[in-house]
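>>> Coordinates only, no sequence provided:
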């Protein structure tokens, strides 16, 4: 048997297997990093929306003219708040959160003024 012709195909095959393995590991690392990045952005958006709802509930007591528009500049991004009167006891907040990386999330929140509680939260 000729052993001179076996070494080269063996080296090529092992190199290909190692290349496939490292490609798989690299793809897994990049996809995990992307997932973590998206989760962090989602949490920032939720925090901004919650801060917007908290501020809107405080502003409701002082608003006399509807619709009322407000803007908050926070560390993690900007929050736009629009307050509408739907009924005598209910207000609707349209809140838009824009993170520092320019990702946007909107929510409509229905707030009962007499009970001082959120009755409905609609994303989108």
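Yep, that arrived. Note that this is a predicted model, so its numbers are computed, not measured.
>>> For residue 55, the count of nearby residues, please.
Residues lying near residue 55 (other Cβ atoms under 10 Å) number 17. Bear in mind the C-beta positions are built from the backbone N, C-alpha and C, glycine included.
>>> Skipping its backbone neighbours, what lies nearest it in space?
residue 72 (6.1 Å; Cβ to Cβ, 6 or more residues apart in numbering).
>>> isn't that neighbour right next to residue 53, touching?
No. Counting by Cβ atoms under 8 Å, residue 72 stays clear of residue 53, with 11.4 Å between them.
>>> of these two, who's got more company?
residue 53 (19 against 16).
>>> and the helix or strand hosting the more buried one, average pLDDT?
Taking DSSP states H and E as the criterion, residue 53 maps to helix 4-60. Here helix 4-60 scores 93 as its mean pLDDT.
>>> Distance of the spatially most central residue of the chain relative to residue 31?
Central residue of the chain (Cα atoms, centre = their mean): residue 42, 2.2 Å from the mean position. Distance from residue 42 to residue 31, counting by Cβ to Cβ, to the nearest Å: 16 Å.
>>> could you say which helix or strand contains the nearest residue to residue 108 once chain neighbours are set aside?
With sequence-adjacent residues excluded and distances taken as Cβ to Cβ, 6+ apart, residue 108 is closest to residue 122, at 4.4 Å. Secondary structure assigned from DSSP H and E places residue 122 in strand 117-123.
>>> Show me what that strand is packed against.
strand 104-112 (3 or more Cβ pairs under 8 Å, 6 or more residues apart in numbering; DSSP states H and E).
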